[in-house]
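Participant: output the structure for:
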Amino acid sequence: MIRRTKIVATLGPASDKPANLTAMIEAGVDVVRVNYSHDTQESHARRIATVRKIAKKLGREIAIMADLQGPKIRLEGFRHGPIELEEGDDFVIDATLAPDGGDERHVGVTYKDLPGDVKPGDTLLVDDGRIMLQVDRVRGPCIETVVMIGGELSNHKGINRQGGGLSAKALTRKDRADLRHALEQGVDYIAVSFPRSGEDIDTARKLIQKADSTAAIIAKIERAEAVENAEEIIRAADGVMIARGDLGVEIGEPALPPVQKRLIRLARSLHRTVITATQMMNSMIDNPMPFRAEVFDVANAVLDGTDAVMLSGETSVGKYPIEVVRAMARICVGSEEKWIGGSNRGVPDDHFDRVDQAIAMSTMYCANRVGATAIAALTETGSTSLWMSRMDSTIPIFALSPNTGTLRKVALYRGVHPVYFDSSKVPYTELTAMVLNELKARGAVKAGDKVIVTKGDLMGFSGGTNGMKIVVVDQFVEHVG
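Facilitator: Next comes the predicted model:
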């Protein structure tokens with residue numbers, strides 16, 4: 001059984017050895033994530049070049065996603081190392097304090113406008129909620145708090161306001177510089193962190209277009225406001241990432257599971273891709289086997305219809321980057337195999353505005369009912385294969401395109417497998433036969449299998465798919481007229 005759910009792996013020191021990265025890709029990585037919250041632009045450029053080199057050697061199309069840091073609000077540093085906060089302690093967040101001026105009484109913060117965003121009674125969550133501070137009063141640049149839940153506090157821990165409401169813009173000056181750098185490296189996806197509205201995504205889109213890039217945008221849902229504006233944000237983007245770390249801190253853990261399920265359904269219904277992320281196999285940073293709860297977490301996201309599941313620290317700094325990819329791949333395949341047709345998700349639209357969309361949806365309807373072994377979609381932009389992937393099916397979809405950028409993008413789509421195929425070099429009357437030969441050579445089909453092929457009368461044009469053909473391998477003979 002061909003795995004349909006895709007795997008996103010974050011690059012870092014654990015994957016920097018070419019042998020490790022090669023083994024990770026062979027184990028099942030479809031998309032790599034370059035995290036601009038850490039390391040330098042130069043190190044990211046080296047990693048991207050290494051991925052391209054290894055992918056070419058392996059004959060794989062691997063998508064690269066550049067994840068911008070966004071306005072991640074962090075406390076500054078402590079002069080003498082970590083401190084210990086106890087319940088009932090007074091503690092001040094001072095926006096004017098030097099970056100390394102923190103001590104047991106106060107600490108600085110990277111977001112200098114934070115005092116204007118909070119009020120007495122607000123709850124501030126530090127280090128993913130491990131430490132809880134209640135705002136007592138705000139005096140100028142100083143936020144005076146009382147420790148509700150204490151613990152050890154070290155340098156540069158993240159801070160959130162429970163319930164959201166911070167006004168920091170989604171794209172910082174650093175993000176804009178990192179965006180330019182990522183686009184210069186030819187990345188396929190840009191992940192925008194902490195968007196609050198569709199306008200934040202539109203701003204990123206304009207910057208991408210100005211750079212003459214076709215990189216797609218993944219909107220990271222990690223603010224309470226983003227949940228409220230989810231449809232607007234998802235419509236503006238090409239895909240969405242459910243970033244459960246900061247999101248869970250802002251909306252609370254009990255709200256997180258239903259929100260995750262709703263976002264997956266919403267993204268699919270709007271024909272957008274969706275990535276489920278954060279701590280999916282977190283125990284494997286230090287252990288060679290996942291916890292059972294993590295197995296269920298990954299499986300539930302698969303059963304809900306996520307396009308991809310993501311690994312963060314597990315592959316960037318973990319001890320077992322290869323083993324965790326293998327484990328995640330096994331869980332995905334096992335979940336898909338045992339849940340055939342269980343969710344009964346069908347066509348999300350009752351009206352088709354485009355001919356190629358109508359062909360894509362008709363193809364899936366037929367494929368699920370005629371016993372097709374595979375679907376071959378000749379595509380310029382990948383749109384037909386994206387629409388096909390929004391419907392439940394165990395039938396593999398092969399996106400055949402001469403465009404490398406298209407092939408890398410579809411590597412993220414659930415159930416879609418990129419295949420390089422230059423239709424311009426094949427006579428139109430021989431096209432279907434050559435497509436079948438390509439799938440046979442890959443071991444995807446055999447004699448007697450039914451295959452549905454979609455293509456356009458005018459190949460090489462975006463949106464030109466206007467035909468669907470059901471053929472039987474080795475029984476189909478193409479002819480003129």
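Participant: what does the nearest residue to Glu199 once chain neighbours are set aside show for phi and psi?
Facilitator: Leaving aside its chain neighbours, Glu199 sits nearest to Ala236 (7.9 Å; criterion: Cβ to Cβ, 6 or more residues apart in numbering). Backbone N, C-alpha and C define where each C-beta goes, glycine included. With angles defined as degrees, to the nearest 10, Ala236 sits at phi -70, psi -20.
Participant: low-confidence ranges, the stretch 251-400 of the chain, go.
Facilitator: 339-350 (pLDDT under 70).
Participant: if you set the cut-off to 50 instead, what comes out?
Facilitator: Within the stretch 251-400 of the chain, the ranges that satisfy pLDDT under 50 run 342-344.
Participant: which residue ranges of the stretch 151-300 of the chain form helices?
Facilitator: For the stretch 151-300 of the chain, applying DSSP state H, counting those that start in this stretch gives helices covering 173-184, 198-210, 224-228, 230-236, 244-251, 256-269, 292-304.
Participant: most tightly packed of these?
Facilitator: helix 244-251 (a mean of 23; mean count of other Cβ atoms under 10 Å).
Participant: so what secondary structure elements neighbour that helix?
Facilitator: Counting contacts by 3 or more Cβ pairs under 8 Å, 6 or more residues apart in numbering; DSSP states H and E, helix 244-251 is packed against strand 159-161, helix 224-228, helix 256-269.
Participant: can you list the ones you listed in a markdown table and add distance to Ala9?
Facilitator: Formatted as a markdown table, the helices and strands packed on helix 244-251 follow (distance: least, Cβ to Cβ, whole Å):
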| stretch | distance to Ala9 |
| --- | --- |
| strand 159-161 | 26 |
| helix 224-228 | 24 |
| helix 256-269 | 20 |
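Participant: nearest to Glu87 among these would be which one?
Facilitator: strand 159-161 (18.1 Å; Cβ to Cβ).
Participant: with distance to Lys440 as extra columns, can I get the helices of the stretch 151-300 of the chain in TSV?
Facilitator: Converted to TSV, the helices of the stretch 151-300 of the chain look like this (distance: least, Cβ to Cβ, whole Å):
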stretch	distance to Lys440
helix 173-184	38
helix 198-210	39
helix 224-228	46
helix 230-236	38
helix 244-251	42
helix 256-269	32
helix 292-304	29
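Participant: which of those sits closest to Ala399?
Facilitator: helix 256-269 (17.9 Å).
Participant: for the closest one, packing partners?
Facilitator: helix 230-236, strand 239-243, helix 244-251, strand 273-277, helix 292-304.
Participant: now those as JSON lines including distance to Pro258?
Facilitator: Converted to JSON lines, these look like this (distance: least, Cβ to Cβ, whole Å):
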{"stretch": "helix 230-236", "distance to Pro258": "13"}
{"stretch": "strand 239-243", "distance to Pro258": "12"}
{"stretch": "helix 244-251", "distance to Pro258": "10"}
{"stretch": "strand 273-277", "distance to Pro258": "14"}
{"stretch": "helix 292-304", "distance to Pro258": "11"}
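Participant: any idea which of the ones you listed gets closest to Leu439?
Facilitator: Using Cβ to Cβ, the nearest of those to Leu439 is strand 273-277, at 24.0 Å.
Participant: packing partners of that closest one?
Facilitator: Against strand 273-277 (3+ Cβ pairs under 8 Å, 6+ apart) you get strand 239-243, helix 256-269, strand 308-311.
Participant: how does this structure divide into domains?
Facilitator: 6-69+169-336, 83-161, 355-472 (automatic domain parsing).
Participant: quick one: the longest one to chain centroid distance?
Facilitator: Right, domain 6-69+169-336. 3 Å (Cα atoms, centre = their mean, to the nearest Å).
Participant: got it, and the second one?
Facilitator: Between the mean C-alpha location of domain 83-161 and the chain-wide mean there is a distance of 31 Å, by Cα atoms, centre = their mean.
Participant: end to end on that domain, go ahead and measure it.
Facilitator: 21 Å (Cα to Cα, to the nearest Å).
Participant: residue nearest the centroid of this structure?
Facilitator: Ile275 (3.9 Å; Cα atoms, centre = their mean).
Participant: contacting residues for the closest residue to Val92 other than its chain neighbours?
Facilitator: Closest residue in space to Val92, ignoring its immediate chain neighbours: His106 at 3.8 Å, by Cβ to Cβ, 6+ apart. By Cβ atoms under 8 Å, 6 or more residues apart in numbering, His106 lies in contact with Phe91, Val92, Ile93, Asp94, Leu97, Cys142.
Participant: how close does Arg292 get to Asp246?
Facilitator: Using Cβ to Cβ, to the nearest Å, we find Arg292 at a distance of 26 Å from Asp246.
Participant: how many other residues sit next to Val370?
Facilitator: By other Cβ atoms under 10 Å, the residues close to Val370 number 10.
Participant: correct me if wrong: it contacts Lys450.
Facilitator: Yes: in this structure, Val370 is within contact of Lys450 by Cβ atoms under 8 Å, at 6.0 Å.
Participant: alpha carbons only: can I get stretch 431-441 in CSV?
Facilitator: The C-alpha coordinates for stretch 431-441 follow below in CSV (Å, rounded to 0.1, in the frame of the first residue of the first chain):
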residue,chain,number,x,y,z
LEU,A,431,0.2,10.2,-25.0
THR,A,432,-2.0,7.8,-23.0
ALA,A,433,0.1,4.8,-24.0
MET,A,434,3.2,6.5,-22.8
VAL,A,435,1.6,7.5,-19.5
LEU,A,436,0.7,3.8,-18.9
ASN,A,437,4.2,2.7,-19.8
GLU,A,438,5.6,5.2,-17.2
LEU,A,439,3.3,3.9,-14.5
LYS,A,440,4.2,0.3,-15.4
ALA,A,441,7.9,1.1,-15.3
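Participant: only the buried residues of that stretch, if you could.
Facilitator: For stretch 431-441, burial by neighbour count (16 or more other Cβ atoms under 10 Å) applies to Leu431, Thr432, Val435, Leu436, Glu438, Leu439, Lys440.
Participant: need those in JSON lines (columns: distance to Arg137).
Facilitator: JSON lines is the format used below for the buried residues of stretch 431-441 (distance: Cβ to Cβ, whole Å):
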{"residue": "Leu431", "distance to Arg137": "73"}
{"residue": "Thr432", "distance to Arg137": "74"}
{"residue": "Val435", "distance to Arg137": "70"}
{"residue": "Leu436", "distance to Arg137": "73"}
{"residue": "Glu438", "distance to Arg137": "69"}
{"residue": "Leu439", "distance to Arg137": "68"}
{"residue": "Lys440", "distance to Arg137": "73"}
